[in-house]
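K.L.:
from the sequence below, what's the structure:
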Amino acid sequence: MTEVAQQPEAPRRRSRIAVGAAFVVGIILLFVIAGLLVNIFTRKQESQTTFVQVVDVQDGETDASVWGQNFPRHYSRFLLMEDDTVPTAYGGSQQYDKLARFPAMKRLWNGYAFAVDFREDRSHFYALIDQKETKRQEVVKQPGACANCHSGDAPNLIKSMGWEAFNKGPYSAITDQLHSAITCNDCHDPDTMALRITRPAFTNAMTKRGIDVTKATRQEMRSYVCGQCHVEYYFLGENKILTFPWEKGLNIDNINDYYDEYGFKDWEHKETGAPMIKIQHPEFELYSTGVHAQSGVACADCHMPYIREGALKVSDHWIRSPIQNVANACQSCHKLEEAKLLERISTIQGRTAEQLREVETAIIAAIDAISEAKAAGATDADLVEARDFQRKANLRWDFVSSENSTGFHSPQEAARVLGDAVNFARMSQLSGERLLARLSDEPVTDPLLQLNEPEVGDTQ
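P.N.:
Numbers count the residues shown, from 1 in each chain. Okay, here's the model as predicted:
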């Protein structure tokens, strides 16, 4: 009988181990694949569910914490705006006294409330607090129209009081009814969360420009909701109707023409008597002339960029300077290192700030020249030209100075406007100095002052 050869024990053991290991690896892979499929399915479900309705939010609800129950991701970011300790080179969320940092502003606004108190804006969280606490409230009796952009209670009061009555009445009469700063209700429909316009002044201004805001795209609305407040405005007529001077266009030359045609002034300059205009915060206007707006980039793309929360992509409701959030605000489009982008921003803002200081110097020289001419006996008729040039210079300086990007929203337009401002300021100074020379009966020695002076022998 033939004896069967036996397989060595070691190879058989190795074979069993290999089979067992393969089985274990297979089980692990199955678990990994199953987990991955479950995760993908969960993320897909999560991405399709934008929010879970915990409470029924009513239209007109101004308490952001109520909205926050349905939108905790957005609300948690919104609350971060309470931090007012983060400055940037020319702004940020940290409040400081601008009159102390830029003392020339006191003379440029001499005779107006802003020469008494002007501070750096903080975030939306402080919009109502800062308005109630400003010393400007003590200098002038502000109309109710001032609450339009500082309180989330404004839309409800407009509905209950009517548009004209809300604007016309004194601010002091409604201050006890103003409790909320900027809130969710200002920009969102509570049923659909669609962006919406809640301030009539914006709709009225756009209608006069031939634009129907109800037909705006979602991307356009991501700027329009900001344009409700971040704009230049004035109070029209005895009823103090909040109005945007946009009928002729959005650039400062259009706005200047609009105010001149209307014959509007905010105050008379205390030293020169010039009819002056205080420009507010024309971010929407300056942005509209810039490359970002022309490229379809919305305000929210930079100030509320998308962030990831799990599978969801949500707008960051921590509204702030893009300088503080370069990765999301800038690098999603600009594939450059953060340091390079910050350097570019710094260059633009630094050059704009230098130009602003140069314009301030030029306008002060104009104020001095006009004041000296007045002291020498110049009449209102004599000073029409010099005062008009001062008004034009101040208007353009203020357009860039009070706009909160320090030129970044439209660098070329800001440079153009400030260049014109210097020119108008020097023409105002020249007009005043010529007038002073004539009134003082002094010989003209400055070649510039000799321009348009009559030659010897000419008859008047």
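K.L.:
ok, the most centrally placed residue in the chain - contacts?
P.N.:
Ranked by distance to the mean C-alpha position of the chain (Cα atoms, centre = their mean), the top residue is Glu283 at 4.3 Å. By Cβ atoms under 8 Å, 6 or more residues apart in numbering, the contact set of Glu283 is Cys226, His230, Val231, Cys299, Glu403, Asn404, Ser405, His409. C-beta here means a position set from N, CA and C on the backbone, and glycine is covered the same way.
K.L.:
residues near the nearest residue to the third one once chain neighbours are set aside, how many?
P.N.:
When the adjacent residues along the chain are set aside, Val231 lies closest to Phe284, with 4.8 Å between them (Cβ to Cβ, 6 or more residues apart in numbering). Around Phe284 there are 24 other residues, counting by other Cβ atoms under 10 Å.
K.L.:
repeat for Gly407
P.N.:
Neighbourhood size, Gly407 [other Cβ under 10 Å]: 26.
K.L.:
how near is the nearest residue to it once chain neighbours are set aside to Leu286?
P.N.:
Leaving aside its sequence neighbours, Gly407 sits nearest to Thr352 (Cβ to Cβ, 6+ apart; 3.0 Å). Distance of Thr352 to Leu286, computed by Cβ to Cβ, to the nearest Å: 11 Å.
K.L.:
cool, Lys159 as well?
P.N.:
Relative to Leu286, and taking Cβ to Cβ, Lys159 is found at 32 Å.
K.L.:
who has more neighbours out of these two?
P.N.:
Shown here are Lys159 and Leu286; by other Cβ under 10 Å, Leu286 has more neighbours (28 against 13).
K.L.:
report the contact partners of that one.
P.N.:
Counting by Cβ under 8 Å, 6+ apart, Leu286 makes contact with Phe399, Val400, Glu403, Ser405, His409, Ser410, Glu413, Ala414.
K.L.:
and for the fourth one, the neighbour number?
P.N.:
It refers to Ser405. Using other Cβ under 10 Å, Ser405 is surrounded by 22 other residues.
K.L.:
that older thread, before we move on, which element is the nearest residue to the residue nearest to the centre of the chain once chain neighbours are set aside in?
P.N.:
Nearest residue to Glu283 in three dimensions, chain neighbours excluded: His230, at 3.9 Å (Cβ to Cβ, 6+ apart). Here His230, judged by DSSP states H and E, is contained in no helix and no strand.
K.L.:
mind checking which helix or strand Met359 is in?
P.N.:
Quick fix: residue 359 is Val, not Met. Counting by DSSP H and E, Val359 is found in helix 338-375.
K.L.:
packing partners of the helix or strand just after that helix?
P.N.:
Heading C-terminal from helix 338-375, the first helix or strand you meet, by DSSP H and E, is helix 384-401. Packing partners of helix 384-401 (3 or more Cβ pairs under 8 Å, 6 or more residues apart in numbering; DSSP states H and E): helix 104-108, helix 252-262, strand 275-276, helix 283-288, helix 338-375, helix 411-440.
K.L.:
same thing but 7 Å
P.N.:
helix 252-262, strand 275-276, helix 338-375, helix 411-440 (3 or more Cβ pairs under 7 Å, 6 or more residues apart in numbering; DSSP states H and E).
K.L.:
as CSV, the ones you listed with mean pLDDT and mean neighbour count would be great.
P.N.:
Below are those laid out as CSV (pLDDT from 0 to 100; neighbours: other Cβ atoms under 10 Å):
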stretch, mean pLDDT, mean neighbour count
helix 252-262, 98, 17
strand 275-276, 98, 20
helix 338-375, 98, 18
helix 411-440, 97, 21
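K.L.:
closest to Met304 out of the ones you listed?
P.N.:
For the helices and strands packed on helix 384-401, the distance to Met304 is smallest for helix 338-375, at 18.0 Å, taking Cβ to Cβ.
K.L.:
the closest one: how far from the chain's middle?
P.N.:
Chain-centre distance of helix 338-375: 20 Å, with Cα atoms, centre = their mean, to the nearest Å.
K.L.:
check stretch 72-81 too.
P.N.:
Centre-to-centre, stretch 72-81 and its host chain are 20 Å apart (Cα atoms, centre = their mean).
K.L.:
on that earlier part again, from the contacts of Glu283, which single one is nearest Arg14?
P.N.:
Nearest to Arg14 among the contacts of Glu283, with distances taken as Cβ to Cβ, is Cys299, at 68.2 Å.
K.L.:
pLDDT at the closest one, what is it?
P.N.:
Per-residue pLDDT puts Cys299 at 98.
K.L.:
again, but for the one 10 residues further on
P.N.:
Each residue has a pLDDT score; the one for Glu309 is 82.
K.L.:
going forward, the N-terminal residue is numbered 52.
P.N.:
With 52 as the first residue, the last one maps to Glu360.
K.L.:
okay but it is in contact with His125, surely?
P.N.:
No. At 9.1 Å, Glu360 does not count as touching His125 under the criterion of Cβ atoms under 7 Å.
K.L.:
neighbour count winner among the two?
P.N.:
Under the criterion of other Cβ under 10 Å, the comparison of Glu360 against His125 puts His125 first, with 23 against 14.
K.L.:
downstream of the helix or strand bottoming out on mean pLDDT in the chain, the next helix or strand is which one?
P.N.:
When the helices and strands of the chain are scored by mean pLDDT, DSSP states H and E, helix 60-99 comes last with a mean of 63. Next along the chain after helix 60-99, taking DSSP H and E as the criterion, comes helix 115-121.
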